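J.: Build the 3D model from these lines:
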Amino acid sequence: HGGEDGGAVGICTGTPEAGINLAYATALRDELISRGYEVVLTREDESALAPQKKADLAKRREIINGSSADIAVSIHMNKFSDRSVSGPMAFYMNGSADGEALAVCVIDAVCDAVGRPRRIANPGDYFIIRECSCPAVIVECGFLSNASDEALIMTDDYKEKVVRGIADGIDAYFAARQ
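T.: Numbers count the residues shown, from 1 in each chain. Model prediction:
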């Protein structure tokens, strides 16, 4: 998301997902750098990478695949028609064993960090996880369609917990591969 594509919108505040995603992504970048990782972001401001969604996604694919990344993590906030649904989720490309391993490590660590029961990692077929040349995970940090989740998502405390959880999950993924 970015530019005209704001993504999901908070049910109570009307805050678009794009800016929240960027705040979480930059916090995650800082956390990962402090742990010794090299990090490349696909966007570092509120702008889209191209005027149309398809071109924007293609540019993201180009950045990720051109970076020789070991993994890709796409940060999002979720929405669902049933406003009672809440909590973090993770998606990996259906059929990718490495993507599934990454998603399991990340969702387990995020759920532990925010004090939620562990959820399964979900297979999917979304552009970013499908088009990456490396294992990839989409992390949905919570539901903007759920008032309680939205309130949490907007706090620095929750952001720090989610970011720490994602980073811990990444650490666990790489530790399992040694």
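J.: need the longest helix for the protein.
T.: helix 156-176 (DSSP state H).
J.: what does it contact?
T.: Helix 156-176 is contacted from outside by 23-24, 27-28, 31-32, 35, 37, 70-71, 73, 75, 88, 101-102, 105-114, 139, 141-142, 152-153, using Cβ atoms under 8 Å, 6 or more residues apart in numbering. Heads up, the C-betas are built off the backbone N, CA and C, glycines and all.
J.: Do you have the helices of this protein handy? List them.
T.: Here the chain has its helices, by DSSP H, at 17-34, 53-66, 97-114, 127-131, 147-153, 156-176.
J.: If you drop the residues flanking it in sequence, what lies closest to residue 152?
T.: In space, residue 152 comes closest to residue 158 once its chain neighbours are excluded; the distance is 4.3 Å by Cβ to Cβ, 6 or more residues apart in numbering.
J.: okay, now the one you found: neighbour count?
T.: 18 (other Cβ atoms under 10 Å).
J.: again with the one 5 residues further on
T.: Residues contacting residue 163 under the criterion other Cβ under 10 Å number 24.
J.: next one: residue 69
T.: With other Cβ under 10 Å as criterion, residue 69 counts 18.
J.: and the nearest residue to residue 123 once chain neighbours are set aside, what does it touch?
T.: Sequence neighbours aside, residue 94 is the residue nearest to residue 123 in space, at 3.8 Å (criterion: Cβ to Cβ, 6+ apart). Residues in contact with residue 94 (Cβ under 8 Å, 6+ apart) are 123-125.
J.: Run through the residues that contact the most centrally placed residue in the chain.
T.: When Cα atoms, centre = their mean is applied to the chain, the residue found nearest the centroid is residue 75 (2.0 Å). By Cβ under 8 Å, 6+ apart, the contact set of residue 75 is 21, 24-25, 28, 139, 141, 166.
J.: Could you give me the buried positions within stretch 145-156?
T.: By 16 or more other Cβ atoms under 10 Å, the buried positions in stretch 145-156 come out as 145-146, 149-150, 152-154.
J.: would you list these in a markdown table and tack on distance to residue 14 and pLDDT?
T.: Listed next are the buried residues of stretch 145-156 as a markdown table, based on distance: Cβ to Cβ, whole Å; pLDDT from 0 to 100:
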| residue | distance to residue 14 | pLDDT |
| --- | --- | --- |
| 145 | 12 | 98 |
| 146 | 15 | 98 |
| 149 | 15 | 98 |
| 150 | 10 | 98 |
| 152 | 17 | 98 |
| 153 | 13 | 98 |
| 154 | 12 | 98 |
